[in-house]
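Got a predicted structure here, sequence first:
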Amino acid sequence: MASDIAPNGPVPLSTVTIETVTTVAGIAALKPDFERLLRVTGNTLPFALHEWHLSWCRHFINCRPNIYDEPHFYILRDAERDCVAILPFIIKRRRVGPLNVTSVSLLGADPAMTEIRAPMMERGYEYLAVCAVRDSLAEMPEWDWIHWTGVGEEFAEALSHDQPLKWQPPLEDFILDLPATWEEFRSGLKRNIRESLRHCYNSLKRDGHRFEFRVIEEPEDVRRHLDRYMELHRMRANMDPAVPHPDRFASRICRNFLYEVCERLAGRGAVRLFALKIGPSIVAMRLGFVAGDSLYLFYSGFDPQWRRYSVMTTTVAEAIKYAIAHGFKTVNLSTTREVSKTRWGPRQVDYQSAYEPRERLRSRLVRNAYLAATSAGYRSQLLQRLMSAGRPWI
């Protein structure tokens, strides 16, 4: 290590110990450590919950041919043996022609299930966590690069302290800060979204339709309604070929993961399945996860027959009303910039990501090929075939 004291804090490096967990059973035993960090960090991301990590490992590890995954969770403890950081790495080994390619990245390389992949650590331990991880990985000869994601400002400073990194465009996340009442929230909206809300409610009433808004959260009810949720999501995806809306649950592995993670999270009271019912049918749904004092809105779906009534906007509005009434501080509208999110006037939070290459020629060449293969454009098609796992998620 470069020094015995972290440059941005008074915590001596010698007071921190690091453990490595490499099995699903070992990850299952980390629940008390996850719970402590959730409390001290004020975490608001469902993707950092223990139930998410455990379900992810059960479904996504080693589910693709030609790729071998190994959990490599780094657990940092202070002098009192309290957990101060969890860095949930997955070591991924690929065979590409004559080459073996090994990358180290944070849990969440999946078909858009884990929208934000980030470490979890107590403030002030960023530099110590970076030093501990780099020292441990230095003893592993085969890795070619580390992919750091979910990086905030303080962690970015620690990562960049004595190591050149290849920074990538940030991941944009959009968050609503909630006032005390719906009327106060509504009055702060721009005119176009206020008009859209009036249209949503008035058009249903004008045509003689009454809606019922339901919040489904009991584990048995959640499980029973997930089929309809995925059906509506699929209907939305197939609605207009000119407007890309991928079916995120098209693969069996994603459906199975969703069933398990929702069952686990519903058991801790962290699932809200928002449903808009007109007549005998649920016509729109959005899945929400509770983390701390925040409600995270996940994917949605609706019946295209009700499109002209903007039933999805009504569903989101009712979900926001619910969040305000139940004392949530924020609603996370999820990642990626879309008008359906920005028109609500959220603040933007950027999560940085960076590649840390191994300083050897072979690793630099392999990493550059990988970045080219994962970029858009017809020129990368051959590289994508060479770097792929052999078949898509199933």
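Perfect, I can see it now.

Can you mark which positions in whatever helix or strand Arg36 lives in are buried?
Assigned by DSSP states H and E, Arg36 belongs to helix 31-41. For helix 31-41, a neighbour-count test (16 or more other C-beta atoms under 10 Å) marks 33-34, 37-38, 41 as buried. (Each C-beta comes from the backbone N, C-alpha and C, glycine too.)

what do you get for stretch 196-214?
For stretch 196-214, by 16+ other C-beta under 10 Å, it's 196-197, 199-200, 204, 211, 213-214.

and what of stretch 65-75?
67, 69, 71-75.

coming back round to it: so which of the buried residues of stretch 196-214 would you say is closest to Gln348?
Taking C-beta to C-beta as the measure, Gln348 sits nearest to Ser196 out of the buried residues of stretch 196-214, at 21.1 Å.

Assign a three-state SS to that closest one, would you?
Applying DSSP: H, G, I helix; E, B strand; the rest coil to Ser196 yields a three-state assignment of helix.

That one is in contact with Ser310, isn't it?
Yes: judged on C-beta atoms under 8 Å, Ser196 makes contact with Ser310 at a distance of 6.6 Å.

who touches both of these two?
By C-beta atoms under 8 Å, 6 or more residues apart in numbering, Ser196 and Ser310 have no common neighbours.

Just name the closest of the buried residues of stretch 65-75 to Ser251, please.
Proximity of those to Ser251, judged by C-beta to C-beta, is greatest for Ile67, which lies at 15.4 Å.

Give me the phi and psi angles of that closest one.
Ile67 adopts backbone torsions of phi -130, psi 130, taken as degrees, to the nearest 10.

Renumber starting at 251 from here on
Understood, numbering begins at 251; the last thing we discussed is Ile317.

about what we covered before: got TSV for the buried residues of stretch 446-464, with distance to Gly400 too?
Listed next are the buried residues of stretch 446-464 as TSV, based on distance: C-beta to C-beta, whole Å:
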residue	distance to Gly400
Ser446	33
Leu447	33
His449	38
Cys450	34
Leu454	40
Phe461	37
Phe463	33
Arg464	33
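
Narrow the residues you listed to those in strands?
Among the buried residues of stretch 446-464, DSSP state E puts 461, 463-464 in strands.

from these, which is closest to Ile528?
So of those, ranked by how close each gets to Ile528 (C-beta to C-beta), first place is Phe461, at 5.1 Å.

Surely the closest one is in contact with Leu454?
Yes: between Phe461 and Leu454 there is a contact at 6.0 Å, judged by C-beta under 8 Å.

list residues touching both of the two?
528, 564.

beta partners of Cys333?
Arg327 (DSSP bridges).

Turn the buried residues of helix 281-291 into a markdown table, including distance to Ser544.
Shown next, in a markdown table, are the buried residues of helix 281-291 (distance: C-beta to C-beta, whole Å):
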| residue | distance to Ser544 |
| --- | --- |
| Asp283 | 21 |
| Phe284 | 17 |
| Leu287 | 16 |
| Leu288 | 12 |
| Thr291 | 13 |
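
Now those in a markdown table, please, with extra columns for distance to Tyr509 and pLDDT.
Converted to a markdown table, these look like this (distance: C-beta to C-beta, whole Å; pLDDT from 0 to 100):
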| residue | distance to Tyr509 | pLDDT |
| --- | --- | --- |
| Asp283 | 26 | 98 |
| Phe284 | 21 | 98 |
| Leu287 | 26 | 97 |
| Leu288 | 23 | 97 |
| Thr291 | 28 | 97 |
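
where does this protein dip in pLDDT?
Within the chain, the set of residues satisfying pLDDT under 70 comprises 251-264, 346-347, 492, 611, 620-621, 623-643.
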